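Novice: Mind folding the following:
(chains A and B)
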There are 2 protein chains.
Amino acid sequence: VKTNIPPRIIYKPAGLRILDQRVLPRKIKYISAENAHKTALAIKGMVLRGAPLIGCTAAYGYLLGIRKSKFRTRGELSLAMRKISSVLTNSRPTAIALFYAVERMNKSILKFTGGNRKERLTLRERNSIISILENEAKKMEREDITANYMISKFGASLLEKNSVILTHCNAGALATMGMGTAVGIITYASKKGKISHVYVSETRPYLQGARLTAWELYREKVPSTIICDNMAGYLMKNRKIDAVIVGADRIAANGDTANKIGTYQLSVLAKYHKIPFYVAAPTSTIDYNLPSGKEIKIEQRNSKEIIYINGSLITHKNASAIHPAFDITPRKLITAIITESRVFRKPNAEKLFQLKKFPATR
Amino acid sequence: VKTNIPPRIIYKPAGLRILDQRVLPRKIKYISAENAHKTALAIKGMVLRGAPLIGCTAAYGYLLGIRKSKFRTRGELSLAMRKISSVLTNSRPTAIALFYAVERMNKSILKFTGGNRKERLTLRERNSIISILENEAKKMEREDITANYMISKFGASLLEKNSVILTHCNAGALATMGMGTAVGIITYASKKGKISHVYVSETRPYLQGARLTAWELYREKVPSTIICDNMAGYLMKNRKIDAVIVGADRIAANGDTANKIGTYQLSVLAKYHKIPFYVAAPTSTIDYNLPSGKEIKIEQRNSKEIIYINGSLITHKNASAIHPAFDITPRKLITAIITESRVFRKPNAEKLFQLKKFPATR
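Specialist: Numbers count the residues shown, from 1 in each chain, chains lettered A, B, ... in the order given. Sure, this is the predicted structure:
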């Protein structure tokens, strides 16, 4: 369960230290976020990324927000909670983990907002609020670490010996609090002798594949090779690829999945080449409020992130570009969704709702 | 037929001036190549690229090679021809236009090598050799310009009004001596009011789409938007795309096609989304010696071209990458091959060999 990756976030009552993933692997550098607003800015600016990590970071950001807030009455606490929730959830729209984390934090201290709004909260109550939130954030962190481990184990059991895997973006330790989801499966399976090689698509524009996943695999001693995003088809046609494994930012109730831009076309290519396509994500990624992928909001980011690389313009100065940060993979292109509770082969609404009705005990 | 693109090569007896496409569109800069060796280095180093342009440049490089050669006898001429041919054809292995051009240049002066190898060539014969080669190179240039125009016209006739096109890499004026092949079709169709928008995939690692095609389209006043290579599937699923049009570096006798890496996966995606997939290339791109795409040699370039962008490493320092410069699109994924002679719908060996038996008169 231990990884060779530096901690993604370090919580102290004074503030969060966040590993700056924008400069990895060139530099290992931490930035500080001492309140909810700064935490939200770090999420928005992609200092950190990866759905489960965004969720846990938002939980700590929420805790810091309340810690730094000067609320005195129940009404003021309620207002602070609403403001902090809004700041955090407005950072990035696609990862459900963010909304889930904020909702859990809100719920955990909801009882303190009831009754007379003008009534002052005692120091004891204030301390209790902080302590509840701290426990909730730490619990979410532990849950993520456990979920990563279970996903890795379940996922590895689906692979044959000497498998060659293609993964996209980064669904590794750097996207979570634990060993990762898609990359967790790969490193776990590698220790069981099941991985002969991993191909990593570089994942433009932020190059999370080349910068983060290739680095993680190197540190975990799993042999890997980087490809450009336009080489996946060539690879599937000309070399042995046994499975594609990716993460997910949100899963609709029917199994349609949002993940990093480029995932959808990998699923089409995998189908065409008859290669299993696996999505690895904790059950907290499932959004039961959305009947299908059509309803998942896709974040459209600034096109400058496409047409500038390291500050230099790659085209003419009047050029335009689109920058959808995610895309939707329909369930029919997904061989299985691997969660910490169970593996959903040929995912559909019926199977996913079973889980909601009978959630596995943690 | 006139383009708004600076000349790609300028031939003078003292040497070639070659537009340095590696720094476009940031700088318009020419480099000099005064002999065959320097011309070959420019081709290998991607100062220029694009199959038809490589062919014409090689023809002028050959001419310069003979011009600078100190041959005196028929035997020495023959040796010079062999050396120059070898230097040029060893620059890049995939574009057939390169081999075709060198072969034509060789053939045009073959008669001077016959007979007694020790016999000295007169000054008159030497002048005649230079003049024949100059005419042959200029003829190839004119043929390419005409072929571009005919391809553009034929291709445009296949498009409906207000078409939205996706193109990859650069098969434009910058890849040819004329108005381009795939981009020629787009600019020609645009003048006929048939184009509402063009999407250009950036084409890692050399970004020919973002750097060259987007710039050409801007100069030709065709509205365009850049996408990362991993957004093509998203685009086909979520926006109106009426056709994919690309160029070709070599076409096997059965219609299988080699083109810039990433073309193959676009053809698979186009098939899945029921979008016509067109390949535009002059008939000189057809290699009748190769029964299928399996026999086309794919150039494997240095992986440093992947893991460094503008001199900075995008991954950890021990990372490895693959860099196939081209891939093969099988004929069954090609809706039509558009040549200057005719349009081959559902291309196959029978149709392509018809052209060899009954070539269109130029």
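
Novice: Nearest spatial neighbour of the residue of the stretch 1-150 of chain A found nearest chain B, chain-adjacent residues omitted?
Specialist: Relative to chain B, the nearest point of the stretch 1-150 of chain A is A:Pro25 (4.6 Å; C-beta to the nearest C-beta). For the C-beta atoms, the positions are set from N, CA and C on the backbone; glycine is no exception. Take A:Pro25 and drop its neighbours on the chain: the residue closest to it by C-beta to C-beta, 6 or more residues apart in numbering or on different chains is A:Trp215, 4.0 Å away.

Novice: What count of nearby residues applies to the one you found?
Specialist: 23 (other C-beta atoms under 10 Å in any protein chain shown).

Novice: pretty sure it is in a strand, no?
Specialist: No: applying DSSP: H, G, I helix; E, B strand; the rest coil, one finds A:Trp215 to be helix, outside a strand.

Novice: isn't it right next to B:Thr315, touching?
Specialist: Yes: A:Trp215 is within contact range of B:Thr315, at 6.6 Å (criterion: C-beta atoms under 8 Å).

Novice: For the spatially most central residue of chain A, what are phi and psi?
Specialist: In chain A, the residue lying closest to the centroid (C-alpha atoms, centre = their mean) is A:Ala51, at 1.7 Å. Torsion angles at A:Ala51 (phi, psi; degrees, to the nearest 10) stand at phi -50, psi -50.

Novice: Tell me the spacing between the residue lying closest to it once chain neighbours are set aside and A:Leu24.
Specialist: Nearest non-adjacent residue to A:Ala51, counting by C-beta to C-beta, 6+ apart: A:Ala95, 4.0 Å away. In this structure, A:Ala95 and A:Leu24 are 19 Å apart, going by C-beta to C-beta, to the nearest Å.

Novice: okay, those two: which has more neighbours?
Specialist: A:Ala95 (26 against 21).

Novice: so who does that one touch?
Specialist: For A:Ala95, the contact set (C-beta atoms under 8 Å, 6 or more residues apart in numbering or on different chains) comprises A:Ala51, A:Ile54, A:Gly55, A:Asp249, A:Arg250.

Novice: go again using 10 Å as the cut-off
Specialist: For A:Ala95, the contacting residues are A:43, A:49-55, A:58, A:101, A:248-250, A:258, A:285, A:299, A:326, by C-beta atoms under 10 Å, 6 or more residues apart in numbering or on different chains.

Novice: Then A:Glu299?
Specialist: A:Lys44, A:Arg92, A:Pro93, A:Thr94, A:Ala95, A:Asp249, A:Ala258, A:Ile261, A:His323, A:Pro324, A:Ala325, A:Phe326.

Novice: The first one - nearest residue in space that isn't next to it in sequence?
Specialist: Excluding the flanking residues, the one nearest A:Lys44 by C-beta to C-beta, 6+ apart is A:Ser91, at 4.3 Å.

Novice: For the stretch 51-200 of chain A, list the residues in contact with chain B, please.
Specialist: Residues of the stretch 51-200 of chain A lying close to chain B by C-beta under 10 Å from any C-beta of the partner chain are A:His168, A:Cys169, A:Tyr199, A:Val200.

Novice: What about those residues, which are in strands?
Specialist: A:His168, A:Tyr199, A:Val200 (DSSP state E).

Novice: Name the residues of the helix or strand where A:Pro52 lies that are buried.
Specialist: Element membership of A:Pro52 [criterion: DSSP states H and E] is helix A:51-68. If you call a residue buried by 16 or more other C-beta atoms under 10 Å in any protein chain shown, then helix A:51-68 has these buried ones: A:51-67.

Novice: Can you name every helix or strand that it contacts?
Specialist: If you count contacts as 3 or more C-beta pairs under 10 Å, 6 or more residues apart in numbering or on different chains; DSSP states H and E, helix A:51-68 packs onto strand A:9-12, strand A:15-19, strand A:30-33, helix A:36-44, helix A:74-89, helix A:96-108, helix A:123-157, strand A:257-260.

Novice: how big is the angle separating that helix from helix A:36-44?
Specialist: Counting by axes from the mean of the first three to the mean of the last three C-alpha atoms, to 10 degrees, helix A:51-68 lies at 170 degrees to helix A:36-44.

Novice: got the CA positions of helix A:51-68 in PDB?
Specialist: Output in PDB follows, covering the C-alpha atoms of helix A:51-68 (Å, rounded to 0.1, in the frame of the first residue of the first chain):
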ATOM      1  CA  ALA A  51     -10.800  13.400  -8.900                       C
ATOM      2  CA  PRO A  52     -10.200  11.600  -5.500                       C
ATOM      3  CA  LEU A  53      -7.400  14.000  -4.600                       C
ATOM      4  CA  ILE A  54      -9.500  17.000  -5.500                       C
ATOM      5  CA  GLY A  55     -12.200  15.600  -3.100                       C
ATOM      6  CA  CYS A  56      -9.900  15.100  -0.200                       C
ATOM      7  CA  THR A  57      -8.200  18.400  -0.700                       C
ATOM      8  CA  ALA A  58     -11.600  20.100  -0.800                       C
ATOM      9  CA  ALA A  59     -12.500  18.500   2.500                       C
ATOM     10  CA  TYR A  60      -9.300  19.900   4.100                       C
ATOM     11  CA  GLY A  61     -10.000  23.200   2.400                       C
ATOM     12  CA  TYR A  62     -13.500  23.200   4.000                       C
ATOM     13  CA  LEU A  63     -12.000  22.500   7.400                       C
ATOM     14  CA  LEU A  64      -9.500  25.400   7.000                       C
ATOM     15  CA  GLY A  65     -12.300  27.600   5.900                       C
ATOM     16  CA  ILE A  66     -14.300  27.000   9.000                       C
ATOM     17  CA  ARG A  67     -11.200  27.100  11.200                       C
ATOM     18  CA  LYS A  68     -10.400  30.600   9.800                       C
END
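
Novice: Which residues are in contact with A:Ser267?
Specialist: A:168, A:244, A:246, A:257, A:259, A:275, A:277, A:279, A:327-330, A:332-335, B:233.

Novice: Pull the helix or strand hosting A:Ile306 out as PDB, backbone CA atoms only.
Specialist: Using DSSP H and E, A:Ile306 falls within helix A:304-307. The C-alpha trace of helix A:304-307 is given here as PDB (Å, rounded to 0.1, in the frame of the first residue of the first chain):
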ATOM      1  CA  LYS A 304      -4.500  29.500 -24.100                       C
ATOM      2  CA  GLU A 305      -3.700  26.200 -22.300                       C
ATOM      3  CA  ILE A 306      -3.600  24.600 -25.800                       C
ATOM      4  CA  ILE A 307      -1.900  27.200 -27.900                       C
END
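
Novice: re earlier: and the helix holding A:Pro52, how far out from the chain middle?
Specialist: Distance, stretch centre to chain centre, for helix A:51-68: 14 Å (C-alpha atoms, centre = their mean, to the nearest Å).

Novice: relative to helix A:74-89, how tilted is that helix?
Specialist: Using the same axes, to 10 degrees: helix A:51-68 against helix A:74-89 is 150 degrees.

Novice: sorry, back to before: show the buried residues in the contacts of A:Glu299.
Specialist: Applying 16+ other C-beta under 10 Å to the contacts of A:Glu299 flags A:Arg92, A:Pro93, A:Thr94, A:Ala95, A:Asp249, A:Ala258, A:Ile261, A:His323, A:Pro324, A:Ala325, A:Phe326 as buried.

Novice: biggest separation within the residues you listed, which pair?
Specialist: Greatest spatial distance in the buried ones among the contacts of A:Glu299: A:Ala95 and A:His323, 16.7 Å, computed using C-beta to C-beta.

Novice: can you map out the strands along the stretch 151-300 of chain A?
Specialist: In the stretch 151-300 of chain A, the strands defined using DSSP state E, counting those that start in this stretch lie at A:163-168, A:195-201, A:224-227, A:243-246, A:250-252, A:257-260, A:277-280, A:286-287.

Novice: Lovely, talk soon.
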